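Q: compute the structure for the input listed below.
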Amino acid sequence: MSETVLPLLAGFLAGAFAGGMYFAALWLSVRRLTEGDGGLRGLALGAGLRLGVLLAGLGAALALGVPGPVILAAALGFVLARLAVTRLAPAPDTAAPFPGRAKG
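A: Sure thing, here's the model as predicted:
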């Protein structure tokens, strides 16, 4: 029993961790971009770091054993992390205009 449950649980946790880090970093990148602090270089660097974390998490899940079920568990963890981050992240201030954009 534990030979099948532990890799699935570890895959789920790896996907949840990678997803949580990915979407939290995405939220920070978009927030910095809308505040005018980011710029294109910051956005590209953030995308590269997010992709690296995601690939490392999926690679860790793949190293656990049976690829199919473990990747599905990791994908489920990733999706649930997305739901958690979007629920926990504060809502953006929709009244604030984008920097450099004319009001009107």
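Q: burial count for Leu8?
A: Leu8 is surrounded by 19 other residues when neighbours are defined as other C-beta atoms under 10 Å. Backbone N, C-alpha and C define where each C-beta goes, glycine included.
Q: what is the neighbour count of the nearest residue to it once chain neighbours are set aside?
A: On the basis of C-beta to C-beta, 6 or more residues apart in numbering, the spatially nearest residue to Leu8 that is not a chain neighbour turns out to be Ala73, at 4.6 Å. A total of 22 residues lie near Ala73 under the criterion other C-beta under 10 Å.
Q: and for the one 5 residues further on?
A: Residue neighbour count, defined by other C-beta under 10 Å, stands at 23 for Phe78.
Q: then Leu49?
A: Look at Leu49: counted by other C-beta under 10 Å, it has 14 neighbours.
Q: quick check: closest non-adjacent residue to it.
A: The nearest residue in space to Leu49 (C-beta to C-beta, 6+ apart) is Ala25, at 6.5 Å.
Q: circling back: alpha carbons of whichever strand or helix holds the residue nearest to Leu8, as CSV, please.
A: Using DSSP states H and E, Ala73 sits within helix 67-88. Output for helix 67-88, consisting of C-alpha atoms alone and laid out as CSV, is shown next (Å, rounded to 0.1, in the frame of the first residue of the first chain):
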residue,chain,number,x,y,z
PRO,A,67,5.8,8.5,-14.3
GLY,A,68,2.1,8.5,-15.2
PRO,A,69,0.3,8.5,-11.8
VAL,A,70,3.0,10.6,-10.1
ILE,A,71,2.8,13.3,-12.8
LEU,A,72,-1.0,13.3,-12.5
ALA,A,73,-0.7,13.8,-8.8
ALA,A,74,1.9,16.6,-9.3
ALA,A,75,-0.5,18.3,-11.8
LEU,A,76,-3.3,18.1,-9.3
GLY,A,77,-1.1,19.7,-6.7
PHE,A,78,-0.1,22.4,-9.2
VAL,A,79,-3.7,23.2,-10.0
LEU,A,80,-4.7,23.2,-6.3
ALA,A,81,-1.8,25.5,-5.5
ARG,A,82,-3.1,27.9,-8.2
LEU,A,83,-6.5,27.9,-6.6
ALA,A,84,-4.9,28.6,-3.2
VAL,A,85,-2.7,31.4,-4.4
THR,A,86,-5.5,33.1,-6.3
ARG,A,87,-7.7,32.9,-3.2
LEU,A,88,-5.0,34.1,-0.8
